[in-house]
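S.K.: Let me see the structure of the following:
(2 chains)
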There are 2 protein chains.
Amino acid sequence: MAPRIVDNHTTDSYRVNVIGTDSPVLAVLCGDKHPPDMHSIEQAAEVRYTGADGLAGALAGADALFVYDFLSTAVPGAWHAADRLRWLHIASAGVDPVLFPGLVDSDVVLTNSRGVFDDSIAEYVLGVILTFAKGIARSLDLQRENRWLHRESERIQGKRAIVVGTGPIGRSIARLLRAAGLRVSGAGRRAREDDPDFGTVHASGTLAGHLPEFDYVVAVAPLTEQTKGMFDAAAFAAMKPSARFVNVGRGELVVTGDLVTALRDGQLAGAALDVFETEPLPTDSPLWTMSEVLVSPHMSGDFVGWRNTLVEVFADNFQRWREGQPLRNVVDKSLGYVPSAP
Amino acid sequence: MAPRIVDNHTTDSYRVNVIGTDSPVLAVLCGDKHPPDMHSIEQAAEVRYTGADGLAGALAGADALFVYDFLSTAVPGAWHAADRLRWLHIASAGVDPVLFPGLVDSDVVLTNSRGVFDDSIAEYVLGVILTFAKGIARSLDLQRENRWLHRESERIQGKRAIVVGTGPIGRSIARLLRAAGLRVSGAGRRAREDDPDFGTVHASGTLAGHLPEFDYVVAVAPLTEQTKGMFDAAAFAAMKPSARFVNVGRGELVVTGDLVTALRDGQLAGAALDVFETEPLPTDSPLWTMSEVLVSPHMSGDFVGWRNTLVEVFADNFQRWREGQPLRNVVDKSLGYVPSAP
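M.R.: Numbers count the residues shown, from 1 in each chain, chains lettered A, B, ... in the order given. This next block holds a predicted model:
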């Protein structure tokens, strides 16, 4: 069957293209660039590429929605048009942009891109930890001034890290930091010992009591009502003055003003932030210019080739969906993430 | 026995202090700061702390010399005064500053501080590799401009590294890079397979033929007549255009002009340099300002507490020396380093 592809970026009025009765309709919410490598999917579905403006039109009559532009907040506003949607897949690990009541209360199955970013984010976290320990930012500053200034550096071996969030990204971080010589614990929903990746996992509710033990605190929890703002003044006050905070989860896990104050007051020694409450980080944010703060533009997981991998993950699930097989990475919409195997 | 300590920093005329006939005389070549934690040694020897100017005076009648200022080049010029020296210990891994003919041809035993820096240097190497892979220097540059610019980053998992130098520092680097997911080979005097840390070790003489395979080339060989200038135009021309070169060995392993030219010509993609032919690196060196070059001031091994550890290593050997036990870390003066166990 020849593919019928519609591009709805340029118009709000949506033309319905019926290919055949057995051919599903797939809406793809994307930015300026279409996802790569969609050929096999275009052979098997009517694919409607759309931006935010055309989303409602594209959703009318669509069986599935692929949220490729995973930072878009357009889905709730177009949801009224979803008259036969059965499946929504998002090209990210965090599902908070689509976890609104209309979806949660519906029968639409939600899947995510769990797994794609795990190891890349772990490498980024180890990279910023070594950047702190080895004083690399300071070396670069001195290099800019052609200044030779010998300093001592910190070891990472034996240092203690806690990874807040025990999903697959957190596990990959834990494994890599352990391999590099750090002593790692976790924080998650349920306290336990003998976790294969973390050893000890503290219950997130008791986190503040444990924070004083750690040299590095890594936030990678999913954004839910329970985790929103969990890194607040009390949490930062509990950290060691020598501790560094790393956020590769969501900006909203942090009360940004509290972090700025805590850094200014020396309640912790530094922060590496890849995610922010508002992205792009506003140009007047004090975080840009604070010493001992590393700002990166929500890129920690985005290795060369990531976009192709995201489409591969979607294509695999699309094939399963067409064949009536169980989908991978089904999100528990009441939890807000894909539950781990018990 | 009460210690008798002489400070010879301030005068060229050296006063001989005889403590007792069984008390050895130890000269300590140090900069402005004495080594820490020398108390136990001061109980057991007449200790003569001296700078470069007073070294000849301190060497006259000395049984042992502790070169704590391991960057000093003063030993050859004062060697004529060493009338009863039996042992020279240097507070570094590289012994090239004291490996001059007068010492090589003498019966003086040379020991070094093998082991102190291994793991710290390995962490530094992993840190600069991640700095390259994750674009951290560029992120810091953009941060300085308050600019949010998403980029893709490189993975380190599966990337190939060759560590040139298979002594303990090279082995520690190999183990850590492997633990972090890189594929590591070595280069040393003798080609072999199934090395516990490196797997394959190429003979250094055949290195150029293998360089095109590697994403990261790490230099940590001891400086000898054989290794001096081994990284020259031909070596850099053999590297991948995407390769990065890391030098944590000695600056003289590299023909600096050839490196600058190769970087300018795009024969390799970057370099992280902790050691230089001339240290401090002259302010007019082009390396300071080249993009994709990381300059650090010979600090990769110098973790917080390193000076105390260096004295512990010396004190352990001093105790052995006093008791007539075999010394640790005896340098083969014809090789220029401590040979590994076969």
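S.K.: use CA for all of it now, contacts and neighbours both
M.R.: Will do.
S.K.: From B:His150, how far out is the residue of the stretch 201-342 of chain A found nearest chain B?
M.R.: In the stretch 201-342 of chain A, the residue that lies nearest chain B is A:Phe303 (4.5 Å; CA to the nearest CA). According to CA to CA, to the nearest Å, A:Phe303 stands 11 Å off from B:His150.
S.K.: Check A:Val293 too.
M.R.: Plainly put, A:Val293 is 18 Å away from B:His150 if you go by CA to CA.
S.K.: before we move on, what about A:Phe231?
M.R.: Relative to B:His150, and taking CA to CA, A:Phe231 is found at 25 Å.
S.K.: The two: who's more crowded?
M.R.: A:Phe231 (22 against 14; other CA atoms under 10 Å in any protein chain shown).
S.K.: The lengthiest helix in chain A packs against which elements?
M.R.: Counting residues, the longest helix in chain A under DSSP state H turns out to be helix A:306-323. For helix A:306-323, the elements it packs on are helix A:39-44, judged by 3 or more CA pairs under 8 Å, 6 or more residues apart in numbering or on different chains; DSSP states H and E.
S.K.: Okay, now the sheet partners of the helix or strand following the helix it packs on, with direction.
M.R.: Note on helix A:39-44: by DSSP states H and E, the next helix or strand toward the C-terminus is strand A:46-50. Applying DSSP bridges to the sheet, strand A:46-50 is found paired with strand A:5-7 (parallel), strand A:25-29 (parallel).
S.K.: Tell me where chain A has strands.
M.R.: A:5-7, A:25-29, A:46-50, A:64-67, A:87-90, A:109-111, A:160-164, A:183-188, A:192-195, A:199-203, A:216-219, A:244-247, A:270-273, A:293-295 (DSSP state E).
S.K.: hey, least reliable of the ones you listed by pLDDT?
M.R.: Per-stretch mean pLDDT for those is lowest at strand A:5-7 (a mean of 59).
S.K.: just how off-centre is stretch A:63-80 within its chain?
M.R.: 17 Å (CA atoms, centre = their mean, to the nearest Å).
S.K.: Report the contact partners of the residue of the stretch 151-300 of chain A found nearest chain B.
M.R.: Per CA to the nearest CA, A:Ser153 is where the stretch 151-300 of chain A lies closest to chain B, at 4.5 Å. Going by CA atoms under 8 Å, 6 or more residues apart in numbering or on different chains, A:Ser153 touches A:133-135, B:299-300, B:302-304.
S.K.: can you check A:Glu292 too?
M.R.: By CA under 8 Å, 6+ apart, the neighbours of A:Glu292 are A:269-271.
S.K.: looking at the residues you listed, which has the most residues close by?
M.R.: If you rank the contacts of A:Glu292 by neighbour count (other CA under 10 Å), A:Ala271 sits at the top with 27 neighbours.
S.K.: roughly how far apart are that one and A:Ala262?
M.R.: 11 Å.
S.K.: Could you do A:Val304 as well?
M.R.: Counting by CA to CA, the gap from A:Val304 to A:Ala262 is 35 Å.
S.K.: quick one: which of the two has more around it?
M.R.: A:Ala262 (22 against 14).
S.K.: Isn't that one up against A:Ala233?
M.R.: Yes: A:Ala262 lies in contact with A:Ala233 (CA atoms under 8 Å); the separation is 7.0 Å.
S.K.: Please name the residues that touch the nearest residue to A:Cys30 once chain neighbours are set aside.
M.R.: Of all residues beyond its chain neighbours, the one nearest A:Cys30 is A:Asp69 (4.6 Å), with distances taken as CA to CA, 6 or more residues apart in numbering or on different chains. Going by CA under 8 Å, 6+ apart, A:Asp69 touches A:29-31, A:91.
S.K.: Over to A:Gly186?
M.R.: The neighbours of A:Gly186, taking CA under 8 Å, 6+ apart as the test, are A:162-166, A:174, A:198-202.
S.K.: Just the buried residues from those residues, in ChimeraX please.
M.R.: In ChimeraX, this line selects whichever of these come out buried by 16 or more other CA atoms under 10 Å in any protein chain shown:
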select /A:162,163,164,165,166,174,198,200,201,202
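S.K.: Tabulate the contacts of A:Gly186 (TSV), appending distance to B:Val25.
M.R.: Supplementary listing: the contacts of A:Gly186 in TSV, determined by distance: CA to CA, whole Å:
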residue	distance to B:Val25
A:Ile162	51
A:Val163	54
A:Val164	57
A:Gly165	60
A:Thr166	60
A:Ala174	52
A:Phe198	53
A:Gly199	53
A:Thr200	54
A:Val201	56
A:His202	57
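S.K.: Distance check, the spatially closest residue to A:Thr309 that is not a sequence neighbour against A:Trp87.
M.R.: Excluding its sequence neighbours, the residue lying closest to A:Thr309 (CA to CA, 6+ apart) is A:Val116, at 6.9 Å. Distance, A:Val116 to A:Trp87, using CA to CA: 20 Å.
S.K.: neighbour count winner among those two?
M.R.: A:Val116 (23 against 19).
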